[in-house]
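Participant: Kindly generate the corresponding structure for this input.
(one chain, ligands or ions: 2)
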Amino acid sequence: MDDKAERNSGKKKTVSACDVEALKKCLEEHKGDYIKCQSQIEAFKSSCSLKKPSDSHPADSSYKDFIGTEGVFKFIFYAPEVYMTPDESSMVVSERQKHIFIKLGVLLVYKIIALVKAIGFRSLENLPKYCQPFSSFIMPASRTSVQLPVFDVSKSITPSSISSLSLACKEWGFFHIINHGISKDLYTKLRFLSYQLFSLPYELKLKAGPTSNTKTYTPHFIASPFFESLCVSGPDFRASAQSSVEALLNKPNSEFCEVLREYGGKMRSLSKKITEILLMCLGEDFEREFKSEFSKCEGYVRINNYSPPESRMMGKDVEGLGMHTDMSCLTIVYQDDVGGLQVRSKDGKWLDIDPCEETLVVNIGDLLHAWSNGKLRSSEHRVILKESTNRFSLAFFWCFEDNKVIFAPDEVVGDELRSYKPFLCSDYLRFRENSERGKFEKVGFTVKDFAGIGG
Ligand SMILES: O=C(O)CCC(=O)C(=O)O
Ligand SMILES: [Fe+2]
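Facilitator: Ligands and ions are numbered 1, 2, ... in the order given. I've put the predicted structure just below:
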């Protein structure tokens, strides 16, 4: 039975009511300072164990009932690349509930704005952008995988590999690469050293958090309750890793910095190579003609740690990172064997991108999508947590420089109509950071909303 049917039959099993109020109150009182709300965070985590409650939830429940059973909000704060959006299957609610829900959302946003004005937060970046019921993190399990082409980057490029890659980039915006030159050993080290940092107490991790000078650590509850990350930026990955480590540990950790230097460097070379191959997909000799447009690209690594709840509803998945598109030219993802990365097809279906040893996932981001006049697709994707096991991933974002004007060359546009107006890269990044998420829309703002021409 799907969510909607379950709801309408009144037999819908909902998540247990979480103790969000105490956490909310504490964060408000302490102006978003997580350190002072440690016990409330723990209480929230343990009460939101996603257990099956025994109560049913009638579709026409009153406002109060609605609050009682579903009134646990997930708070979405600003996060650099990630715009959380609800999965449609988890947003199946009655018209009445939708109405109440929208009202609640608007009310809460007003409350937050009033609160900001009253007590003056240090930075708007720490504020919830919108809220959704906690149940929107839970979704029916999906088990269909997508078959993506596997591209061997060590081999010379053949017309047939270019044509299968072109097809994949048009259809999915995703493909796999093998023989990329990054050893298993390097991933094992990176994982081990990263876990050492993620295992630090909260108050230490927040020394590199959103209100610190470093701002490289994204704590839980920003993108999702189950997600935290650490960013290391190029071109000097060693120096960037060092500043995070020093903020976190108050002492150097040369091994971590060295591993990040090596990984960042390898990802840069790989990104350059993949960019050339993608240019070849767009047209003959385009790699020679347009390579210079990408000469000032730079990248950053985001180390992602997902910690799902221990107990969960049978047959349900948990959203680790909501639907989004990447604000990069291209992204190279390493996901561990837990899996959970999913791509959304053109007709809106979620498909698993199965993990495969020694294989990396490459996806097209919004910047290259616009530069290619939409010929290379930037697809919506997300991460779902199917098991109660920690998931580790690394995403390397390869981006245009901030002051680059993104405008598809006429040769790339060809006979088609132009789909994007020219725009400054930094203006788009700012648009994504600042736009109040469209509360309950299904798809987050993307480059189409920002620079798209026509419908
Ligand atoms: O964790 C993953 O597998 C992918 C993460 C992702 O999509 C992102 O960081 O933009
Ligand atoms: Fe992504």
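
Participant: make it CA atoms for all contacts and neighbour counts henceforth
Facilitator: Will do.

Participant: which non-adjacent residue is nearest the residue in the stretch 351-455 of the chain that ligand 1 sits nearest to?
Facilitator: Residue nearest to ligand 1 within the stretch 351-455 of the chain (Cα to the nearest ligand atom): S393, separated by 4.8 Å. The spatially closest residue to S393, leaving aside those adjacent along the chain, is Q335, at 4.5 Å (Cα to Cα, 6 or more residues apart in numbering).

Participant: likewise F227?
Facilitator: Nearest non-adjacent residue to F227, counting by Cα to Cα, 6+ apart: Y306, 4.7 Å away.

Participant: What values do phi and psi take at the one you found?
Facilitator: When read as degrees, to the nearest 10, the backbone of Y306 gives phi -110, psi 130.

Participant: Tell me who's in contact with it.
Facilitator: Contact analysis of Y306 by Cα atoms under 8 Å, 6 or more residues apart in numbering lists F226, F227, E228, G320, N390, R391, F392.

Participant: Can you check the pLDDT for it?
Facilitator: pLDDT recorded at Y306 is 96.

Participant: Can you name the residues that contact the residue nearest to S393?
Facilitator: Taking Cα under 8 Å, 6+ apart, one finds L341, P355, L360, R391, F392, S393, L394 in contact with Q335.

Participant: how about those residues in TSV, adding secondary structure and neighbour count?
Facilitator: Formatted as TSV, the contacts of Q335 follow (DSSP: H, G, I helix; E, B strand; the rest coil; neighbours: other Cα atoms under 10 Å):
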residue	secondary structure	neighbour count
L341	strand	22
P355	coil	18
L360	strand	21
R391	strand	23
F392	strand	20
S393	strand	20
L394	strand	23
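
Participant: Tell me which two of those sit farthest apart.
Facilitator: L360 and R391 (15.6 Å; Cα to Cα).

Participant: I'd say the residue of the stretch 351-455 of the chain closest to ligand 1 and D337 touch.
Facilitator: No. In this structure, S393 is not within contact of D337 by Cα atoms under 8 Å, at 9.7 Å.

Participant: ok, back up a step: ok, what's across the strand from the residue of the stretch 351-455 of the chain closest to ligand 1?
Facilitator: Judged by DSSP bridges, the bridge partners of S393 are N304, Q335.

Participant: Contact partners for it?
Facilitator: Counting by Cα under 8 Å, 6+ apart, S393 makes contact with I303, N304, N305, V333, Y334, Q335, D336.

Participant: Closest one of those to ligand 1?
Facilitator: Q335 (5.1 Å).

Participant: how about the strands in the stretch 301-450 of the chain?
Facilitator: Using DSSP state E, counting those that start in this stretch, the strands of the stretch 301-450 of the chain run over 316-324, 330-335, 341-344, 350-352, 360-364, 381-385, 391-399, 405-406, 423-424.

Participant: now the angle from the first one to strand 381-385?
Facilitator: With axes from the mean of the first three to the mean of the last three Cα atoms, to 10 degrees defining the directions, strand 316-324 sits at 160 degrees from strand 381-385.

Participant: What pairs with strand 316-324, parallel or antiparallel?
Facilitator: When DSSP bridges is applied, strand 316-324 pairs with strand 138-140 (antiparallel), strand 381-385 (antiparallel).

Participant: Mind telling me which of the ones you listed the model trusts least?
Facilitator: strand 138-140 (a mean of 65).

Participant: residue in the stretch 151-300 of the chain nearest to ligand 1?
Facilitator: For the stretch 151-300 of the chain, Cα to the nearest ligand atom, closest residue to ligand 1: S229, 8.8 Å.

Participant: Regarding that residue, what is its secondary structure?
Facilitator: Classification of S229 by DSSP: H, G, I helix; E, B strand; the rest coil places it in strand.

Participant: so is P235 in a helix, a strand, or just coil?
Facilitator: Assigned by three-state DSSP, the conformation of P235 is coil.
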